[in-house]
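Q: turn this into a structure:
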Amino acid sequence: MKIWLRHNRGFLVFLLLFAFLRTALADWNPIPSGSMRPTLLEGDVVLVNRVAYDFKLPLSDTTLVRLGEPQRGDVVTFSSPADGVRLIKRLVAVPGDVVEMRAERLFINGSAAQYSDVHAVAEPTAFGGTEAATRAIERIKGSERGVQFLPAVAARRDFRPLVVPEDSYFVLGDNRDNSADSRYIGFVPRRLLIGRAHHIVVSVDIMQDWLPRLERIGARIL
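A: Numbers count the residues shown, from 1 in each chain. Now for the predicted structure:
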């Protein structure tokens with residue numbers, strides 16, 4: 001055993017450094033569902049900056065040092081407060097904000113989101129078909145993103161004004177009618193944030209032909 005360790009110590013050090021890098025500094029996250037369409041597609045793999053907000057004890061939710069503040073519009077990965085599953089959503093409201101939705105229009109601190117470039121698309125489904133969808137550019141509180149609505153899908157399109165608690169955040173999927181977000185799982189405590197997703201590192205069309213989507217590789221997440 002000692003001889004094996006001596007001959008393989010370089011490889012073992014590499015594995016330890018790699019494990020530290022992934023659990024403490026950077027990570028990647030595959031996108032398994034359409035909850036962030038049109039920003040992120042099924043089959044995208046995104047790069048996540050684990051130290052965008054906090055430096056944590058590896059393999060834990062314990063924060064050692066605060067490094068930055070989450071901002072409205074950030075795309076974040078986090079552990080669901082409902083069941084611990086890792087999710088990726090759009091952070092739309094920060095502590096102290098009053099967030100509300102009326103007939104699918106988002107309001108932050110009484111200001112209504114503005115929508116432009118509204119157009120219809122055929123959204124692919126998991127069974128090879130399509131369903132009617134509407135896409136638009138949503139602008140609110142200095143940030144903008146592409147969003148999608150599915151008129152035929154039952155979803156929570158209205159909720160009363162909610163005050164975001166201290167050290168918590170309100171998140172939504174960009175695909176508003178197909179997302180298990182804060183409308184269903186509640187506010188996300190800061191300790192459950194994993195990091196900020198910033199680029200797509202690889203993308204494969206898992207909904208159709210499994211071919212690589214070369215135009216998405218390296219794309220910045222807006």
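
Q: who touches F149 in this structure?
A: F149 makes contacts with 104, 133-136, 176-177, as judged by CB atoms under 8 Å, 6 or more residues apart in numbering. Every residue, glycine included, has its C-beta placed from N, CA and C.

Q: should've said G110
A: Counting by CB under 8 Å, 6+ apart, G110 touches V98.

Q: ok, it to D97 distance?
A: For G110, the distance to D97 equals 10 Å [CB to CB, to the nearest Å].

Q: returning to what we had before: by neighbour count, which of the contacts of F149 wins?
A: Counting neighbours by other CB atoms under 10 Å, the top entry in the contacts of F149 is R176, with 25 neighbours.

Q: can you check the pLDDT for that residue?
A: Listed pLDDT for R176 reads 97.

Q: just checking, it touches V147?
A: Yes - at 5.9 Å, R176 and V147 qualify as touching, with contact defined as CB atoms under 8 Å.

Q: anything in contact with each of those two?
A: Shared contacts of R176 and V147, defined by CB under 8 Å, 6+ apart, are absent.

Q: for stretch 187-202, buried residues please.
A: Neighbour-count burial for stretch 187-202, counted by 16 or more other CB atoms under 10 Å, picks out 187-197, 200, 202.

Q: E69: neighbouring residues, count only.
A: 11.

Q: give me every residue that touches it.
A: Here E69 is in contact with 53, 94 (criterion: CB under 8 Å, 6+ apart).

Q: if I look at it, how far off is A112?
A: For E69, the distance to A112 (CB to CB) stands at 25 Å.

Q: any idea which of the buried residues of stretch 187-202 is closest to P38?
A: Using CB to CB, the shortest approach to P38 within those belongs to I200, at 12.9 Å.

Q: surely the closest one is in contact with V48?
A: No - taking contacts as CB under 8 Å, I200 lies outside contact range of V48: 11.4 Å.

Q: could you list the low-pLDDT ranges of the protein?
A: Along the chain, the parts satisfying pLDDT under 70 run over 1-26.

Q: mind checking how far Q208 is from A126?
A: Taking CB to CB, one finds Q208 at 11 Å from A126.

Q: go on, K89?
A: Distance, K89 to A126, by CB to CB: 20 Å.

Q: more crowded one of the two?
A: K89 (26 against 10).

Q: give me the secondary structure label for that one.
A: The three-state label given to K89 by DSSP: H, G, I helix; E, B strand; the rest coil is strand.

Q: give me the nearest residue to it, chain neighbours excluded.
A: Nearest non-adjacent residue to K89, counting by CB to CB, 6 or more residues apart in numbering: V171, 3.8 Å away.
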